[in-house]
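> sequence first, predicted coordinates after that:
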Amino acid sequence: METGPNKQNSATNDDDLSKFKIMVVDDDPGITSYMSAILKKNNFHCTSFNDPVLALHDFLKNPYHLLITDLSMPGIDGYKLIKRLRTERPSCSIIIVTANKSLETVSRSQRSGASYLLFKPLQPDEIIQATQVMYRRNQYWHDQAKSLNGQL
């Protein structure tokens with residue numbers, strides 16, 4: 001079964017993926033380890049945090065292209081984290097992961113600007129599929145800006 005980003009797009013290489021920075025935030029160390037292992041196995045570079053406050057501080061210092069976050073966390077919940085990060089870097093893509101399956105969660109996640117909402121328990125293929133879409137979207141906008149660079 002072909003699951004890696006390199007299988008989806010022959011023009012993609014590991015160097016491109018290493019430049020696509022992913023932050024994974026969940027207060028459960030088992031979840032962050034699980035998601036990080038899946039992402040790294042598929043050649044993505046990610047940094048994980050179990051403390052949303054520490055994640056926020058790191059995000060403000062380092063460029064991330066994708067945030068994958070839980071919603072229910074102590075200190076700063078996922079929605080507050082997203083709101084703050086959107087203020088600092090509106091182009092960052094967001095994937096929300098949660099165990100709370102409700103219409104309110106779907107609606108609020110959409111309003112927060114999330115591109116994907118994944119429900120726990122997470123399956124490896126859904127994590128990779130959502131991440132690949134975010135990677136390709138980021139590459140598309142990067143390519144558009146690059147092609148216009150000489151015209152501006």
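Arrived safely, thanks for sending. Numbering: from 1, shown residues only.
> C-alpha from now on. contacts and neighbour counts both.
OK.
> next one: the longest helix along the chain to chain centre, how far?
Longest helix in the chain, counting residues (DSSP state H): helix 124-148. Centroid separation between helix 124-148 and its chain, computed with CA atoms, centre = their mean, to the nearest Å, is 11 Å.
> point out where the chain drops to low pLDDT.
1-15, 150-152 (pLDDT under 70).
> how about the strands of it, start to end?
Along the chain, counting by DSSP state E, strands occupy 21-25, 45-49, 66-70, 93-98, 116-119.
> what's the closest of the ones you listed to Y135?
Nearest to Y135 among these is strand 66-70; the distance by CA to CA comes to 8.3 Å.
> run through who's touching that closest one.
Contacts with strand 66-70, where a contact means CA atoms under 8 Å, 6 or more residues apart in numbering, come from 20-27, 77-78, 92-98, 134.
> just stretch 129-136 next, same as before
Contact partners of stretch 129-136, identified using CA under 8 Å, 6+ apart, comprise P5, F20, L66, S93, I95, Y116.
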